[in-house]
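Colleague: give me a model of this one.
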Amino acid sequence: MGLYDEGLLRLRAFIDEGRGGDPVMTRLNVFNSTGSVTDLQKLVAALYDCKDWVRLADYARRLYQSIGSVESLELYCAGLFGLEDDDALLAELQDRPEFIPQSPKLQLHWCWLLYRFGRFTECSAALEVYRTSFGEQEERHLEISLLVASGQWPSLMGILDREFGNEALTDPKELLYLVQIAQAVNWGIDRVKEFVQRAVDHAADDAHVYLVAHSIAIKADWETDQAASWLAKAIELSGDTGPVSSVSLREIIDWQTAWSEVRAMIHREVTRGNMPMYVVSHLLHQSQVASLLLPIVANPDQDDMRRRTPLFTSSSVARNPISFASAAFDISTIFLLAKLDVLETSFEMFDTAVLPHETMTWLFDQKAKYHQPSRVRIARVVMNLLGEGKITVQDDLVVLDPLLVREVGTDLASLITTAASTTGRQALVVRSFPVHRAGSILDEVANIDAYPGILCSLTSLIEKLRSRGHLMRRRMVL
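Modeller: Next up is the predicted model:
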């Protein structure tokens with residue numbers, strides 16, 4: 001192709017892009033026709049802009065092999081980093097260590113590589129050397145990740161204290177990210193609230209920010225009119241793609257049916273040993289800590305063997321003889337050994353005990369994600385009442401009327417049956433009205449005429465307590 005033809009091809013591509021054409025495709029066509037390094041540079045720039053990591057890694061590698069510049073290595077490393085191809089990225093940076101001090105982007109890749117390979121001491125040292133080259137947010141995220149992964153959680157408070165006085169920090173998503181860190185380490189609640197308020201103040205028309213702020217307030221038990229207004233704002237700003245959507249009750253019922261089928265499939269795979277528990281928790285949107293710990297804690301109190309949750313401690317993978325030289329412990333093994341009070345003994349059996357370097361990060365994320373002080377407070381109240389004998393756990397070995405179960409479901413049928421069989425004193429089931437038929441979409445009222453005088457509304461209970469002087473009017477204001 002002659003110079004005139006190449007120039008004409010580039011001009012047409014330029015015009016096509018100006019008319020809204022896909023810059024990647026137009027530049028790819030030009031490069032395939034010319035093979036020019038200049039056209040390759042333009043193509044790589046377009047791939048980087050659209051974050052097409054797969055093709056970026058390929059074409060940026062060709063560019064780097066052609067010109068070998070720091071800039072071309074930055075683009076190639078960006079593609080590898082986006083693909084999370086850590087081995088290839090490490091090999092490239094180790095091959096040209098002299099380039100790292102020349103490029104803040106390569107310095108950042110190098111630090112994150114050291115972190116992802118679990119080389120925390122080296123990562124911390126590199127961060128101290130290169131931190132002035134990083135942006136404020138990049139430095140903050142790397143510093144927090146290091147402290148979390150190395151188990152230095154109390155040191156996070158120093159970062160939070162520093163950022164609290166940072167008036168330039170106005171990115172709402174970054175502020176909410178710090179709120180989650182703050183809640184996990186029990187930072188001052190008043191300052192946490194201020195972070196949330198700052199995020200909302202700078203949210204503009206971002207519905208996600210208002211929704212996350214409302215979620216944080218609910219989990220932290222700040223159920224105020226202001227928190228309710230954040231949810232209303234998120235609803236107002238949501239479009240067809242969410243984040244808040246309006247659905248019918250029928251749609252929810254259909255989803256529940258499909259979800260039940262998914263749960264049944266997951267249960268089958270687990271019992272067959274085909275799915276690890278951490279995958280199960282992820283698929284079921286459950287706390288992995290709860291999924292691992294609840295059976296360990298609850299099983300000893302369950303007398304009926306059929307109702308105990310199995311603990312999957314064996315594997316179908318071929319086992320190697322224990323050499324006592326080294327062993328790696330995953331999180332489920334750690335929990336189970338700790339419950340059996342042999343964790344330290346197990347570690348001491350081996351010359352080297354290894355934990356996945358993400359173990360502390362995983363534990364921290366679970367703590368931050370499922371941080372719900374209101375539920376902890378309620379649980380403590382219930383535990384105290386149980387200990388004082390003021391409430392008791394219902395005996396679940398009652399014979400249920402199949403017709404009643406069909407009307408109201410197993411749980412409510414069990415409560416009604418227990419109350420109806422109680423003699424010598426009044427027994428009530430406190431339940432809001434009306435009681436809908438099990439399996440209906442709130443359009444059928446259950447038939448419980450055979451159990452008169454058993455159900456009591458919450459309003460009736462509160463009025464009775466007030467009339468007897470157990471509740472003052474001011475305590476009834478919610």
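
Colleague: low-scoring stretches of the stretch 301-450 of the chain, by residue?
Modeller: Filtered on pLDDT under 70, the stretch 301-450 of the chain yields the residue ranges 312-323, 370-372, 394-397, 441.

Colleague: mind doing that once more with 80?
Modeller: Along the stretch 301-450 of the chain, the model assigns pLDDT under 80 to residues 301-324, 367-377, 393-398, 439-443.

Colleague: tell me where it has strands.
Modeller: Using DSSP state E, counting those that start in this stretch, the strands of the stretch 301-450 of the chain run over residues 326-328, 352-354, 429-430.

Colleague: could you give the number of residues near Val342?
Modeller: By other CB atoms under 10 Å, 13 other residues sit near Val342. Every C-beta, even on glycine, is put in place using the N, C-alpha and C of the backbone.

Colleague: tell me the contacts of it?
Modeller: In this structure, Val342 makes contact with no residue, judged by CB atoms under 8 Å, 6 or more residues apart in numbering.

Colleague: find the one among the strands of the stretch 301-450 of the chain with the highest mean neighbour count.
Modeller: Mean neighbour count (mean count of other CB atoms under 10 Å) peaks for strand 429-430 among the strands of the stretch 301-450 of the chain, with a mean of 15.

Colleague: contact partners of that strand?
Modeller: For strand 429-430, using CB under 8 Å, 6+ apart, the contacting residues are 412, 415-416, 419, 454-458, 461.

Colleague: from the residues you listed, list the buried ones, please.
Modeller: The neighbour-count test (16 or more other CB atoms under 10 Å) marks 412, 415-416, 419, 454-456 as buried among these.

Colleague: farthest pair in these?
Modeller: Maximum pairwise distance in the buried ones among the contacts of strand 429-430, criterion CB to CB, is 13.2 Å, between Leu412 and Cys456.

Colleague: what residues do these two have in common as contacts?
Modeller: Residues touching both Leu412 and Cys456 (CB under 8 Å, 6+ apart) are 429, 431.

Colleague: how far away is Thr188 from Ala182?
Modeller: I think there's a mix-up here, since residue 188 is Gly and not Thr. For Gly188, the distance to Ala182 equals 8 Å [CB to CB, to the nearest Å].

Colleague: what of Phe347?
Modeller: Phe347 is 32 Å from Ala182, where distance means CB to CB.

Colleague: please apply the same query to Ala420.
Modeller: In this structure, Ala420 and Ala182 are 50 Å apart, going by CB to CB.

Colleague: please report how far Pro101 lies from Phe81.
Modeller: 19 Å.

Colleague: the more surrounded of the two?
Modeller: Using other CB under 10 Å, the more surrounded residue of Pro101 and Phe81 is Phe81, with 20 against 13.

Colleague: thinking the more buried one is in contact with Leu108, fair?
Modeller: No. Using CB atoms under 8 Å, Phe81 makes no contact with Leu108, being 9.0 Å away.

Colleague: need the overlap of contacts for the two.
Modeller: Shared contacts of Phe81 and Leu108, defined by CB under 8 Å, 6+ apart, are absent.

Colleague: quick one: low-confidence ranges for the stretch 151-300 of the chain?
Modeller: Judged against pLDDT under 80, the low-scoring parts of the stretch 151-300 of the chain cover residues 220-224, 248-250, 252-254, 256-257, 260, 270-273, 275-278, 281-282, 285-300.

Colleague: can you count the residues close to the closest residue to Tyr59 other than its chain neighbours?
Modeller: In space, and not counting its chain neighbours, Tyr59 is closest to Val44: 5.3 Å by CB to CB, 6 or more residues apart in numbering. Other residues near Val44 come to 27 when the count uses other CB under 10 Å.

Colleague: any idea how far Ala60 lies from Thr34?
Modeller: From Ala60 across to Thr34, the span is 18 Å (CB to CB).

Colleague: and Val247, that's in a helix?
Modeller: No. Counting by DSSP: H, G, I helix; E, B strand; the rest coil, Val247 is located in no helix; its state is coil.

Colleague: what number of residues lie near the nearest residue to Ala217 once chain neighbours are set aside?
Modeller: What sits nearest to Ala217 in space, not counting adjacent residues and going by CB to CB, 6+ apart, is Ala227, at 3.7 Å. Close neighbours of Ala227, defined as other CB under 10 Å, add up to 20.

Colleague: tell me the contacts of Thr361?
Modeller: By CB under 8 Å, 6+ apart, Thr361 lies in contact with 145, 148-149.

Colleague: what segments of the stretch 1-150 of the chain are helices?
Modeller: Along the stretch 1-150 of the chain, the stretches classed as helices by DSSP state H, counting those that start in this stretch are 3-18, 23-34, 37-49, 53-67, 70-83, 86-95, 104-116, 120-130, 136-149.
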